[in-house]
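Asks: output the structure for:
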Amino acid sequence: MKIEEKKLRQRRALLKTLTAVPAAALVPLSPFEVGKARHFKDQTEGSAAAAPSLYKPKVLDGHEWKTVRLLADLIIPADERSGSATEAGVPEFIDDWLGFKQDTILAEIRGGLSWLDIECNRRFGHDFADCSVTQQKQILDRIAYPAKAAPEDANAVAFFNHFRDLVVSGFFSSNMGVKDLPYLGNTMVGDWQGCPPEALAKLGLKPESRIP
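Replies: Residues are numbered from 1 along each chain as shown. Next up is the predicted model:
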């Protein structure tokens, strides 16, 4: 019982940090950060799915790592086009990115993860990672749609928006994400046929407008 109380106090302390950090502190990835993280991901992509034990988190603790992996896959699950966020190495991307950010950002992410646990324990008696998928989605629905969120959840909304941006940035800067788009900018073509008719139609141009 004493261990659980200590654990809850620690989470409340992190939640206090979350509410103290303004939403303006949530900054997007810079081009330098994307490039650094992409280089890191090119070396680690797929390792999480193939052999999870190969990667040792440098910043997140064991419980945070479990929650981040689960939350990332709820944001980008596997589908018929590509694998999930964890299969693309997104949790490794996030852990590595947090390793060179200032302490306030790391505290904000940790505070948000703790908020998920506190709210899930309050409503369902379990940490976020131990709740059912239905219960997890009930909590996420509160913070995933800013226009519908309650004012008291504003900081949690900011956390989730930031975390979702990290997941999307990590996924679509990976080899798997680039193939998912699909992005053909780096593909060699033997014969240039001009702009596709469907693209011209969308722009309101006629086929004869194509530049050979």
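Asks: helix or strand with the lowest mean pLDDT in the protein?
Replies: For the chain, counting by mean pLDDT, DSSP states H and E, helix 47-50 ranks last in confidence among helices and strands (a mean of 44).
Asks: any low-confidence regions in the chain?
Replies: For the chain, applying pLDDT under 70 flags the ranges 1-53, 101-102, 183-186, 207-212.
Asks: can you pull the buried residues of stretch 175-194?
Replies: 176, 177, 178, 180 (16 or more other C-beta atoms under 10 Å). For the C-beta atoms, the positions are set from N, CA and C on the backbone; glycine is no exception.
Asks: no no, stretch 73-84
Replies: 73, 74, 75, 76, 82, 83, 84.
Asks: that stretch spans what distance, first to last residue?
Replies: The first residue of stretch 73-84 is 6 Å away from its last residue (C-alpha to C-alpha, to the nearest Å).
Asks: show residues contacting it.
Replies: 49, 72, 85-88, 90, 133, 136-137, 140, 163-164, 167-168, 171, 176-177, 179-180 (C-beta atoms under 8 Å, 6 or more residues apart in numbering).
Asks: switch to 6 Å and redo it
Replies: Here stretch 73-84 makes contact (C-beta atoms under 6 Å, 6 or more residues apart in numbering) with 85, 86, 164, 167, 171, 176, 180.
Asks: most surrounded residue in those residues?
Replies: Highest neighbour count within those: residue 85, with 30 neighbours (other C-beta atoms under 10 Å).
Asks: returning to that earlier point: what's the most distant pair in the buried residues of stretch 73-84?
Replies: Pairwise distances across the buried residues of stretch 73-84 (C-beta to C-beta) peak at 15.8 Å, for the pair 74 and 82.
Asks: buried ones in stretch 159-173, by neighbour count?
Replies: 159-164, 166-167, 169-173.
Asks: among these, which are located in helices?
Replies: In this view, those that belong to helices under DSSP state H are 159, 160, 161, 162, 163, 164, 166, 167, 169, 170, 171, 172.
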